[in-house]
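*Asks:* Here is a sequence with its predicted model. Questions after.
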Amino acid sequence: QELGLEEIYVLGTNCADNSPTPTAAKNFISEGIGLKDQESVQGYEFMQDFRVHVKTGDSYVKKPYFCLPGTIATSAISTSCLSCFDYTNALADVVVGYMGAPLDGNMD
């Protein structure tokens, strides 16, 4: 059926950093990152500099992916992430979110 549109754009949104449960997220912060004061944590992201950036108040704690204990992955990473290839965003005209965005060089 003709829609009468001259152009159509595909918009993608990122699904990232989803822990399967709140308990798994807390364990990731305490056991994986090594932070005991979980109340100060506002969020965490897996960034393109191969480190996890954990926001705590006005600062960040950063830990390289490869320093995380292997045992933390089983409980902290959602099973849906193990089969994600992000085809929708790879084919999108515009993707909204931080993935693939340039890393601010001033962030250390």
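*Replies:* Thanks, I have the structure now.

*Asks:* what residue ranges in the protein score low on pLDDT?
*Replies:* Within the chain, the ranges that satisfy pLDDT under 70 run 1, 13-18, 80-89, 95-108.

*Asks:* where along it do the helices fall?
*Replies:* Along the chain, the stretches classed as helices by DSSP state H are 22-27, 70-76, 87-91.

*Asks:* want to try TSV for those helices, with distance to residue 34 and mean neighbour count as columns?
*Replies:* (Glycine included, C-beta is placed from N, CA and C.) As requested, those are exported to TSV (distance: least, Cβ to Cβ, whole Å; neighbours: other Cβ atoms under 10 Å):
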stretch	distance to residue 34	mean neighbour count
helix 22-27	12	14
helix 70-76	11	13
helix 87-91	32	12
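
*Asks:* For residue 46, which of the ones you listed is the nearest?
*Replies:* helix 70-76 (11.0 Å; Cβ to Cβ).

*Asks:* Mind listing residues that contact that closest one?
*Replies:* Helix 70-76 is contacted from outside by 19, 20, 24, 25, 27, 28, 31, 32, using Cβ atoms under 8 Å, 6 or more residues apart in numbering.

*Asks:* which residues does residue 35 contact?
*Replies:* Residues near residue 35 by Cβ under 8 Å, 6+ apart: 29, 41, 54, 56, 61.

*Asks:* swap in residue 62?
*Replies:* 51, 52, 53, 54, 108 are the contacts of residue 62 under Cβ under 8 Å, 6+ apart.

*Asks:* Just the buried residues out of those residues, in ChimeraX syntax.
*Replies:* Provided next is the ChimeraX selection string for whichever of the contacts of residue 62 are buried by 16 or more other Cβ atoms under 10 Å:
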select :51,52,53,54
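
*Asks:* closest to residue 36 among the contacts of residue 62?
*Replies:* Minimum distance to residue 36 across the contacts of residue 62 is 12.5 Å, recorded for residue 54 (Cβ to Cβ).
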